[in-house]
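> Provided below for reference: sequence and predicted model.
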Number of protein chains: 2
Amino acid sequence: MQEERRLAVLRAIVEDYVATEEPVGSKALVERHGLGVSPATVRNDMAALEDEGYITQPHTSAGRVPTDKGYRLFVDKLASVKPMSAAEKRAIATILDGAVDLDDVVNRSVRLLSQLTRQVAVVQYPTLSRSTVRHVEVIALAPYRLLVVLILSTGRVEQRLVEVGGELSDDDLTDLRSLVNRAAVGEVIADAATALRALVPAEGGTPVTAAVVETLVEAMSDHRSDERIAVGGAANLARYGDNFDSAVRPLLEALEEHVVLLKLLGEATTGELLTVRIGHEGPYQELASTSVVATGYGPGDEAFARLGIVGPTRMDYPGSMAAVRAVARYVSRILDEA
Amino acid sequence: MQEERRLAVLRAIVEDYVATEEPVGSKALVERHGLGVSPATVRNDMAALEDEGYITQPHTSAGRVPTDKGYRLFVDKLASVKPMSAAEKRAIATILDGAVDLDDVVNRSVRLLSQLTRQVAVVQYPTLSRSTVRHVEVIALAPYRLLVVLILSTGRVEQRLVEVGGELSDDDLTDLRSLVNRAAVGEVIADAATALRALVPAEGGTPVTAAVVETLVEAMSDHRSDERIAVGGAANLARYGDNFDSAVRPLLEALEEHVVLLKLLGEATTGELLTVRIGHEGPYQELASTSVVATGYGPGDEAFARLGIVGPTRMDYPGSMAAVRAVARYVSRILDEA
DNA sequence: GATTGGCACTCCCGACATTCGAGTGCCAGC
DNA sequence: GCTGGCACTCGAATGTCGGGAGTGCCAATC
């Protein structure tokens, strides 16, 4: 089957090119991989692969380099997912198990991912949108000044100051506290918000209740925390080698634009699927020479947020995919336990 | 006075080199600056400056480049602090006045600084150590599970979960709450911690009180928040041009090592002084080609934390110093008002 | 029909030579 | 002490030229 061998050749080209960073020729290919054919045969296959757009030559009489399309085929059809070694698994477990709170989990994950893959790692903080309300606390800091604390099932805590028009007795406060808790606790935040809003007219509308409810609803719908992102391993950009301006600069800029990063990671609605975006496949022309490997994570079956890595199109896809998946699983498990 | 002119020549060399990034020769110097002497004279001065170690030639028959010692003299003696333009002042005010909370202030400052100076900006979050306790809240999340919230004068809020051995009535909780608040509110955190610790034996040591106090003390002495740092403008690293490996890579690594960054910013105890570290002057060999301009900031006369910029030794010192100082002043004022 | 060895061809890369010019150091004269 | 002049140095840019890796194609072979 020459069709089969052609794919083997493509796989070999991708692997060698990723390893050596140099265009790979027919002779080196048959030597390094145990294809039982002659260089001339490989050359024919290469010509065919080039016709189909999977590989290309930087210039005549140079070796071949995979195109984005070639990487795509490699990832979709040819990449056997390289399992993590036992040592790596142990490292992931020990590092993540030591985390003390949510922020720590995220920070450790980012570090871990960047070390495992030697790429830039990106981890989105768990979003509010699918989490449930665990508790609401209302505290009188001073007359006319309340602190509202919103505690979510993900462990995230949001606090807001509220200036109110009237003074409250301790009893008023207790009533208010139980009122909002009865309405919100246990609900997904979207539902909690509507339940809270329903309180205001029913209650005849004490201005204090209204103010507190408004603050809570705002805190729930506030997407700032949806956009929170941790980035790590930027030092790995140094290994990009050449094409600094064309590749590294736009990436550095993107790393500071969290909105762009979120787009790159992919919509959280994509769920837990491991997604790979290769080169030009995304909406950003400037990032045409970078690829993204990302997946969703979160407790239970629903994905709360996403994490992944960003690197050059010429990257170790099997390894990166395995690392991303492994870290996502461990983090999810930890969130499950919490 | 030839001595005076020599310094003028040094200043001109620094300014031209910063602007052009190329070794500057005697002819170009007299043309671009209005020194009323001939190139030959300047050459003599240059030779003298080189003997004294202020400038150097990359190779024979090239222009001159300032040494670290040269930059040092420039900063200490020659740099007239370039005042911010009215537009820049307005921009600083509008951007920072829009901040909604402490985190927002820090984030905006970092952005602002990096944009003003076109360098990497670093802002340390206000440290706990000098802030006072504004309020402590204890909330029963579930039986055996308390949430302790610590609110500080800087606006920072720390929360911790506490698992306790016994169940608490509402009255117990109220007692506990007022107990710890009486001990801690208004105190500098170091004093608050000792006051809290004193509670435990006096109280006969209910295990719950002990657990809560322990958590609070730990939260207060926890230096994690001392080490929190915001970094921005990493994309400006792209303008480093050449010497990627020797300059950019170590800097990228340092930017992820917050401990290193804190060292670079300088000990907070240095106070509000504007400090400039040039090239090799610091303890880090790898950062020999980078300089740091930093200052303390914080409400009142005492500095709570530091902020600054990191850039190549070849940077616009007067501009950077002015920007750092201006931002620090505005941030301090905002913290004063809060 | 697929595979293979052979062969001419292409073109990048590094080495070497050459030129060009900016910049210097120094000296004699003002 | 400043200046103009002059010889000198050396890096950057450019040109030339084989070596070599790699290709495409073709005829021969299985």
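Yep, that arrived.

> On the pLDDT front, check A:R72 for me.
A:R72 is assigned a predicted lDDT (pLDDT) of 95.

> how about the nearest residue to it, chain neighbours excluded?
If the residues on either side of it in the chain are set aside, A:R72 comes closest to A:I278, at 5.4 Å by C-beta to C-beta, 6 or more residues apart in numbering or on different chains. Every C-beta, even on glycine, is put in place using the N, C-alpha and C of the backbone.

> do the same with A:Y17
That would be A:V24: by C-beta to C-beta, 6+ apart, it lies 5.5 Å from A:Y17.

> Which strand residues bridge the one you found?
For A:V24, the beta-bridge partners are A:R64 (DSSP bridges).

> need the contact list for it.
With contact set as C-beta atoms under 8 Å, 6 or more residues apart in numbering or on different chains, A:V24 has these partners: A:12-13, A:16-17, A:63-65.

> so which of those residues comes closest to DNA strand C?
The shortest distance between DNA strand C and any of the contacts of A:V24, using C-beta to the nearest atom of the strand, involves A:G63 and amounts to 10.5 Å.

> Surely the closest one touches A:Q57?
Yes: with contact defined as C-beta atoms under 8 Å, A:G63 and A:Q57 form a contacting pair (7.3 Å).

> neighbouring contacts of the strand ranked longest in chain A?
Scanning chain A for the strand with the most residues, using DSSP state E, yields strand A:133-142. With contact meaning C-beta under 8 Å, 6+ apart, strand A:133-142 is reached by A:146-153, A:161, A:168, A:173, A:176-177, A:180-181, A:184-187, A:189, A:192, A:212, A:216, B:134-135, B:137, B:139, B:141, B:147, B:149, B:151.

> Just give the number of residues close to A:A142.
Applying other C-beta atoms under 10 Å in any protein chain shown, we find 11 other residues in the vicinity of A:A142.

> What about A:G296, how many residues nearby?
For A:G296, the tally of surrounding residues (other C-beta under 10 Å) stands at 25.

> next helix or strand past whatever helix or strand it lives in?
Using DSSP states H and E, A:G296 maps to strand A:290-297. On the C-terminal side of strand A:290-297, the closest following helix or strand by DSSP H and E is strand A:305-312.

> Residue numbers of the stretch 101-250 of chain A in contact with DNA strand D?
Contacts of the stretch 101-250 of chain A with DNA strand D, taken as C-beta under 7 Å from any atom of the strand, are absent.

> so where's the stretch 101-250 of chain A uncertain?
Residues of the stretch 101-250 of chain A meeting the criterion pLDDT under 70: A:128-129, A:141, A:155, A:202-205, A:222-227, A:241-245.

> quick one on the thing from earlier: what angle do whichever helix or strand comes after the longest strand of chain A and strand B:145-152 make?
Using DSSP H and E, the helix or strand that follows strand A:133-142 in sequence is strand A:145-152. Angle between the axes of strand A:145-152 and strand B:145-152 is 140 degrees (criterion: axes from the mean of the first three to the mean of the last three C-alpha atoms, to 10 degrees).

> ok, then the element right after strand A:145-152?
strand A:157-163.

> before we move on, what SS does A:L35 have?
When the structure is reduced to helix, strand and coil (DSSP: H, G, I helix; E, B strand; the rest coil), A:L35 reads as coil.

> these two touch, right, it and A:V9?
Yes: using C-beta under 8 Å, A:L35 makes contact with A:V9 at a distance of 7.2 Å.

> Between the two, which has more neighbouring residues?
Residue environment comparison for A:L35 versus A:V9 gives the larger neighbour count to A:V9, 29 against 17, counting by other C-beta under 10 Å.

> From A:A184, how far out is the nearest residue to the more buried one once chain neighbours are set aside?
Across the structure, with C-beta to C-beta, 6+ apart as the measure, the residue nearest A:V9 apart from its sequence neighbours is A:D45 (4.8 Å). Counting by C-beta to C-beta, to the nearest Å, the gap from A:D45 to A:A184 is 64 Å.
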